[in-house]
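S.K.: Provided below are the primary sequence and the corresponding predicted coordinates.
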There are 2 protein chains.
Amino acid sequence: MSPAINRQLYLHQRPSGVPGQEHIRLREVPVPRVESGEVLLENIYLSMDPAIRGWMSEKVSYTAPLALGETIRGSTLGKVVDSGHPDFCVGDYAVGIACNGWEDYTLADPTQIYKVDAEIDFPLSHYLSIYSAVGLTPYFGMLDVGRPRPGDTVLISAAAGTVGSLAGQIARLAGCKVVGIAGSDEKCRWLVDELGFDGAINYRSNLDLTAAIAAACPNGVDIFFDNVGGAILDAALMNLNNFARVVFCGAIAQYNTEAPVPGPYNYWQILARNVTVQGFLALNYRDRFPEAIQKIEAWIAAGDLVFHEDVVEGLENTVSVFSRLFSGQHKGKLLVKIR
Amino acid sequence: MSPAINRQLYLHQRPSGVPGQEHIRLREVPVPRVESGEVLLENIYLSMDPAIRGWMSEKVSYTAPLALGETIRGSTLGKVVDSGHPDFCVGDYAVGIACNGWEDYTLADPTQIYKVDAEIDFPLSHYLSIYSAVGLTPYFGMLDVGRPRPGDTVLISAAAGTVGSLAGQIARLAGCKVVGIAGSDEKCRWLVDELGFDGAINYRSNLDLTAAIAAACPNGVDIFFDNVGGAILDAALMNLNNFARVVFCGAIAQYNTEAPVPGPYNYWQILARNVTVQGFLALNYRDRFPEAIQKIEAWIAAGDLVFHEDVVEGLENTVSVFSRLFSGQHKGKLLVKIR
């Protein structure tokens, strides 16, 4: 029943900046045969995540780097088209987080993927957006790592991104004052007018970001939810209150650099201000995913959470879609629909 | 009853490196008169603390910087020689943490100093060493911030320093495997032979510190107690286990620099390894000082804690004694006895 051809995007050359066609190439290979204990997924959606850029480098990340020639690893949602495992039947839908690939068919490890219900009132793609890392990361990051108290001031970098915009909205639901940092006036207006942020700072038009944060957060910052690192983190550190928490969620500023990137020049402020910086991955909270999904569903049903998906069609467009993650030209979770 | 002259060491010029006689000068002023609500302390011991170097710069620290012309601020132990406050009588002994000065007499704020019992079985100077920040910082830093579990591997920078050596011994008492980093083979031998550390690394003779830590900590590092920052922190970050804790206690590496100092190049590992970095000051735990002192006294009585004091006599020697903090040529807590 499997067609003859499996198109795969693989790592041809390690990129030194934003990856392009010269780094990631398309090849056609036969669709693998399913052995006992394996499951064949026909991928429908590919999730575009900045972390994938990290795996293309040789530096140590939280998973092993990709080898040259290896199919780009990522999160996908697909349909089971052949199964050698009793838990998965042909016709089931399943998601694999950071264990499937940018390809038509993935021979999946049944212990790594999980079935999702297709009889739902929302698009299947939501399993790769709001009900995946992109929604669960801000949920656990803000509520568990950030520990917001009503009245706290929360500052968010890359606030117009999916993770950032959800983190900010969750902080507002927790009773906090929320200020976002984004890269255009349009994005800043969106944060304030559509998402109800209390303030927004365009880091491109504010040369003195430390002063801009101080002006927007006159009571100081209690929680900094950081997706960016670099100069934005340095400016935030100078505005932290005593006992502030830095939720270290990402460091977009350094994904596309090859030279060693220094940590924040104001690292010392972590000591001076009794700050806690905590790195975390949503996967650590796997056993609490059902709780989070239930809470998020309720917020969405009540109209309290706004989120966007940006779905582009065609496996052949994946590399150029992926590069948009680093250009600031997308709004919401980026997905590629390949079928 | 006050003598006529109060010798004071004051900030004449901001140092760009280790402070010397050209930065800190001696002057003689009249002993101040006590007004109602004030207390006059005749200082006996001055505590030599690296943090004082930070106050000599203009950069923001956890207390305000010293003004030019201001008497060097510090922690002292003294005897009350005149009192305008009912809580303090002539003949009482009192300690002021980071609020008294490098001078014969300090006109003290009675809300900032605290009385200590002079009828004791240990030298009065201990109130400025083991029973002051230098003992309380490793106590709360290791037990509260580090949260050691039996069997954890604990790595300590500046391990032969007073704070580091106590932190390591407290970790051993908590059932951990302890490895120290120090600057000479002699210090390393002392850590292992005298203090019972499980291992020690001479960072001066190990060019690849990351590999040296990996060799000394084959199970990875669960707690890094950091007094240094810089390259040692970077090497430690590469050896942290998932969910490791970095107790950010100090950053000697940057006290004497004027140029902006980058944070750790491996800052990203905080995210990749789900690490928590926490800055803290022992003063945050003020209400638990009695508990800590009681515990430390019991350990000392049982012979479980080794610590050293290095007491030099003479106010006129203070600047050169202070500079020894940054040369690695002292062992144990440095104090100046001025009377």
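M.R.: Looks like it arrived, so ask away. Numbering: from 1, shown residues only, chains lettered A, B, ... in the order given.
S.K.: chain A against chain B: which residues are in contact?
M.R.: Within chain A, the positions near chain B by Cβ under 8 Å from any Cβ of the partner chain are A:60-62, A:229, A:238, A:248-251, A:254, A:260-281, A:284. Yep, even glycine has a C-beta here, placed from its N, CA and C like the rest.
S.K.: please check the residues you listed and keep the buried ones.
M.R.: Buried subset of the residues of chain A next to chain B (neighbour count, 16 or more other Cβ atoms under 10 Å in any protein chain shown): A:61-62, A:229, A:238, A:248-251, A:254, A:261-281.
S.K.: show me which residues of stretch A:75-88 are buried.
M.R.: Buried positions in stretch A:75-88, judged by neighbour count with 16+ other Cβ under 10 Å: A:75-83, A:85, A:88.
S.K.: reformat those as a markdown table; add secondary structure.
M.R.: Listed next are those as a markdown table, based on DSSP: H, G, I helix; E, B strand; the rest coil:
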| residue | secondary structure |
| --- | --- |
| A:75 | strand |
| A:76 | strand |
| A:77 | strand |
| A:78 | strand |
| A:79 | strand |
| A:80 | strand |
| A:81 | strand |
| A:82 | strand |
| A:83 | strand |
| A:85 | coil |
| A:88 | coil |
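S.K.: still on that earlier bit, now, the buried ones among the residues of chain A next to chain B that are in helices?
M.R.: Members of those lying in helices (criterion: DSSP state H): A:269-272.
S.K.: for the spatially closest residue to residue A:325 that is not a sequence neighbour, phi and psi?
M.R.: Among residues not flanking residue A:325 along the chain, residue A:50 sits closest, at 5.4 Å (Cβ to Cβ, 6 or more residues apart in numbering or on different chains). The phi/psi pair for residue A:50 (degrees, to the nearest 10) reads phi -50, psi -30.
S.K.: can you get me a residue count around residue A:50?
M.R.: 19 (other Cβ atoms under 10 Å in any protein chain shown).
S.K.: surely it meets residue A:229?
M.R.: No: contact criterion Cβ atoms under 8 Å: residue A:50 and residue A:229 do not qualify, at 11.8 Å.
S.K.: phi, psi of residue A:243?
M.R.: phi 70, psi 20.
S.K.: for the nearest residue in space to it that is not next to it in sequence, list the residues it contacts.
M.R.: Excluding the flanking residues, the one nearest residue A:243 by Cβ to Cβ, 6+ apart is residue A:274, at 5.1 Å. Contacts for residue A:274 (Cβ atoms under 8 Å, 6 or more residues apart in numbering or on different chains) come out as A:242-244, B:278-281, B:284.
S.K.: ok, 7 Å please
M.R.: Residues near residue A:274 by Cβ atoms under 7 Å, 6 or more residues apart in numbering or on different chains: A:242-243, B:279-281, B:284.
S.K.: try residue A:273
M.R.: Applying Cβ under 7 Å, 6+ apart, we find residue A:273 in contact with A:240, A:242, A:244, B:279.
S.K.: okay, which residue is most central for chain A?
M.R.: For chain A, residue A:134 is the residue whose C-alpha lies nearest the centre (Cα atoms, centre = their mean; 4.5 Å).
S.K.: next, that one: phi, psi?
M.R.: For residue A:134, the backbone dihedrals (degrees, to the nearest 10) come out as phi -70, psi -30.
S.K.: ok, now which ones touch it?
M.R.: A:162-163, A:333.
S.K.: which of these fall within strands?
M.R.: Counted as lying in strands by DSSP state E, out of those, are residue A:333.
S.K.: show me the shaky parts of the stretch 51-200 of chain A.
M.R.: Flagging of the stretch 51-200 of chain A using pLDDT under 70 yields the residue ranges A:60-63.
S.K.: ranges for the strands of it?
M.R.: Counting by DSSP state E, counting those that start in this stretch, the stretch 51-200 of chain A has strands at residues A:73-83, A:93-101, A:105-108, A:113-116, A:153-156, A:177-182, A:199-202.
S.K.: ok, the stretch 201-339 of chain A next?
M.R.: Remark: strands assigned in the stretch 201-339 of chain A by DSSP E, counting those that start in this stretch are A:221-226, A:240-248, A:276-279, A:309-313, A:333-337.
S.K.: convert stretch A:121-136 to CSV, retaining C-alpha atoms only.
M.R.: Coordinates of each C-alpha in stretch A:121-136 appear next as CSV, following Å, rounded to 0.1, in the frame of the first residue of the first chain:
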residue,chain,number,x,y,z
ASP,A,121,-13.5,20.4,17.0
PHE,A,122,-10.2,22.0,16.1
PRO,A,123,-7.8,21.6,13.2
LEU,A,124,-5.4,18.6,13.5
SER,A,125,-2.5,21.0,13.1
HIS,A,126,-3.2,22.3,16.6
TYR,A,127,-1.5,19.2,18.0
LEU,A,128,1.7,20.6,16.6
SER,A,129,1.0,24.2,17.8
ILE,A,130,-1.0,25.1,20.8
TYR,A,131,-1.1,21.5,22.2
SER,A,132,2.6,20.9,21.5
ALA,A,133,5.8,22.4,22.8
VAL,A,134,4.8,25.8,21.5
GLY,A,135,1.9,26.0,23.9
LEU,A,136,3.2,23.8,26.7
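S.K.: any idea which of the contacts of residue A:274 is closest to residue B:222?
M.R.: Minimum distance to residue B:222 across the contacts of residue A:274 is 17.7 Å, recorded for residue B:280 (Cβ to Cβ).
S.K.: who touches residue A:58 in this structure?
M.R.: Shown in contact with residue A:58 (Cβ under 7 Å, 6+ apart): A:14, A:65.
S.K.: how near is it to chain B?
M.R.: Per Cβ to the nearest Cβ, to the nearest Å, residue A:58 is found 14 Å from chain B.
S.K.: and residue A:149, by the same measure?
M.R.: 18 Å.
S.K.: now residue A:333
M.R.: Taken as Cβ to the nearest Cβ, the span from residue A:333 to chain B is 20 Å.
S.K.: can you get me a residue count around that residue?
M.R.: Residue A:333 has 26 neighbouring residues, counting by other Cβ under 10 Å.
S.K.: ok, now residue A:232?
M.R.: Residue A:232 has 23 neighbours, counted by other Cβ under 10 Å.
S.K.: and the one 3 residues further on, by the same measure?
M.R.: Counted by other Cβ under 10 Å, the residues lying close to residue A:235 total 25.
S.K.: that one touches residue A:211, doesn't it?
M.R.: No: in this structure residue A:235 lies outside contact range of residue A:211 using Cβ atoms under 7 Å: 8.6 Å.
S.K.: enumerate every residue touching residue A:65.
M.R.: Residue A:65 is in contact with A:55, A:57-58, counting by Cβ under 7 Å, 6+ apart.
S.K.: hmm, try it at 6 Å
M.R.: Residue A:65 makes contact with A:55, A:58, according to Cβ atoms under 6 Å, 6 or more residues apart in numbering or on different chains.
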